[in-house]
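Enquirer: Compute the structure for the input listed below.
(one chain, ligands or ions: 1)
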Amino acid sequence: MRLSKCYGIEDFRRLAREKLPAPLFHYMDGGAEDEVTLSHNQSAFSGLALQPLFLRDVSVVETSCDVLGQTIKWPVVLAPTGMSRLFHRDGELAVARAATNAGTMYSLSTLSTFSIEDVGAVSSGPKMFQIYLHKDRGLTREFIQRCKEAGYTSLCLTVDMVRAGNRERDLRTGMTMPPKFTWGSLFSFALHAEWSLQHLMSPPLELSNVVHRVAEGSTSAMSVIDYINGQIDSTVTWDDAAKIIEEWGGPFAIKGLLSPSDAVRAADAGASAVMISNHGGRQLDYSPAPIQCLPAFRDAVGERLELIVDGGVRRGTDVLKALALGASACSIGRPYLFGLAAGGEAGVARVLEQLKSEVERDLALLGCTSLDQIGPQHVMDLHRPEFADVTEGVEGAKPRYRFGHLKQL
Ligand SMILES: Cc1cc2nc3c(=O)[nH]c(=O)nc-3n(C[C@H](O)[C@H](O)[C@H](O)COP(=O)(O)O)c2cc1C
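Expert: Predicted coordinates:
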């Protein structure tokens, strides 16, 4: 398969699978335990239908929106994902450049393989830095200072990594960071000679943001699970979050919430946004799909917070479903990583171009010319197939189903 033949995200996934040695593909693609949440993230979107309205002038559509203090050209941001050089030698630099060219925001992970400063230097677009609180609390203060100096526009704190999720695919393949050539995986590395050569000829992989303070971030191979369990601080509370938000003093998201009551606490702590996320199904299996949580989140916080839906977004139609149910924007992880593995910066650019054009086309097909025209009247729950009563323009009539009709999905 070639990049020019990739259309939907599933095509990019297939090409990524062809290009990557098995331990790396499964690290990117997999989820926790039985992967119920991983598959549910996507099937929850498939359980929703879109109801279009016709005979409106949709010749010009506008997809821009404001997220975390920045105007972006379309309502999808790139979620933080660690260690992108595993998938292509240009790693985070390639993704950040493609995001800027596509008019959207890139989020850099604490566990990246290029540093805060490296990414700051190649990307002039909106940038968010994602924090994992390490046991070495001095690191967080240092991150905040470095992000201010490197021109990052927002921060997010990921809260769902108090222990590493139980990713059995990684246990089976013996995945480590940096990858280790073992007898078990040797065959797969040999079959993927292009990746293996790139890897051998590039500078050693390390966790660039932490390596000067955390010895385990260096080139000695260890499992991701061991790193998380050894270094990440699981004593963190809402008081700590409030202090970090105050110290940053700018737009701030809490990433990884799944309960509306936590969203209220995030607003009370001073956050500007919540990323409703189950870490792409990589942490607690059987946690709910973010799109299912969204209506109750919006009910709980009203307009106090921006809500970003993260997990299972694969199509422009998924983005529109989320906006219809009250999301401010969506974010994607694996889709752009598949593009990165498939073709470096050009692969990420192609993924973003296609998703952006789907959002534009689908918005027009739905009968809307801007994002603020989308509402709950545009979605129907396929598990309870009553028609949403679209009564716009009918005197005296009111829509029968609002957010509430989706609560029991
Ligand atoms: C390979 C990989 C690495 C990830 N690393 C991080 C990370 O370092 N920090 C973080 O907050 N989330 C991380 N995530 C989760 C993503 O930010 C995002 O929540 C998730 O990928 C969204 O689901 P999707 O892949 O279905 O779009 C990672 C996800 C993947 C697939």
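
Enquirer: residues in contact with whichever residue of the stretch 251-400 of the chain sits closest to the ligand?
Expert: In the stretch 251-400 of the chain, the residue that lies nearest the ligand is G333 (2.0 Å; CB to the nearest ligand atom). From N, CA and C alone the C-beta is placed, and that goes for glycine too. With contacts defined as CB atoms under 8 Å, 6 or more residues apart in numbering, the neighbours of G333 are L78, A79, T81, G280, D310, G311.

Enquirer: do the same with P21
Expert: P179, S185, S188, F189, L191, H192, W195, S196.

Enquirer: Apply 10 Å and report the result again.
Expert: 86, 173, 175, 179, 181, 185-193, 195-196, 199 (CB atoms under 10 Å, 6 or more residues apart in numbering).

Enquirer: What are the buried residues along the helix or strand of the chain with the lowest mean pLDDT?
Expert: Least confident helix or strand, the chain: helix 183-191 with a mean of 82, by mean pLDDT, DSSP states H and E. Buried positions in helix 183-191, judged by neighbour count with 16 or more other CB atoms under 10 Å: S185, S188, F189.

Enquirer: one step back: the residue nearest to the residue of the stretch 251-400 of the chain closest to the ligand when sequence neighbours are not counted: how many residues sit nearby?
Expert: Once flanking residues are discounted, G333 sits nearest to A79: 4.4 Å by CB to CB, 6 or more residues apart in numbering. Using other CB atoms under 10 Å, A79 has 29 neighbouring residues.

Enquirer: Identify the residues contacting A79.
Expert: 106-107, 109, 128, 130, 156, 158, 255, 275, 277, 279-280, 308, 310-311, 313, 330-337.

Enquirer: got a list of what A329 touches?
Expert: 65-68, 72, 74-77, 104-105, 273, 275, 306-310, 319, 322-323, 371.

Enquirer: residues in contact with Q145?
Expert: So Q145 contacts I116, E247 (CB under 10 Å, 6+ apart).

Enquirer: avg pLDDT for the host helix or strand of it?
Expert: For Q145, the host element (DSSP states H and E) is helix 138-149. If you average the pLDDT over helix 138-149, you get 97.

Enquirer: What are the buried residues along that helix?
Expert: L139, T140, E142, F143, I144, R146, C147.

Enquirer: Please indicate which of the contacts of G333 has the highest neighbour count?
Expert: For the contacts of G333, the largest number of neighbours (other CB under 10 Å) sits with G311, at 32 neighbours.

Enquirer: wait, that one sits on D160?
Expert: No. G311 lies out of contact with D160 (CB atoms under 10 Å); the separation is 11.1 Å.

Enquirer: what residues do those two have in common as contacts?
Expert: With CB under 10 Å, 6+ apart as the test, G311 and D160 both reach L258, M275, S277, N278, H279, R282, S287.

Enquirer: which ones are touching the first one?
Expert: So that's L258. 160, 274, 276-278, 283-284, 287-290, 292-293, 297, 311.

Enquirer: switch the cut-off to 8 Å
Expert: I276, S277, N278, S287, P288, P290, C293.

Enquirer: Please look at the fifth one and N278 and confirm they touch.
Expert: Yes. With contacts defined as CB atoms under 8 Å, P288 counts as touching N278 at a distance of 7.2 Å.

Enquirer: These two: which has the busier surroundings?
Expert: N278 (29 against 18).

Enquirer: How about that one, nearest residue that isn't a chain neighbour?
Expert: Distances taken as CB to CB, 6+ apart put S287 closest to N278, at 4.3 Å, once the chain neighbours are dropped.

Enquirer: what sits up against stretch 56-73?
Expert: Against stretch 56-73 from outside (CB under 8 Å, 6+ apart): 74-75, 77, 102-105, 126, 128, 153-154, 250-251, 253, 272-273, 306, 308, 328-329, 356, 359-360, 363-364, 367-371.
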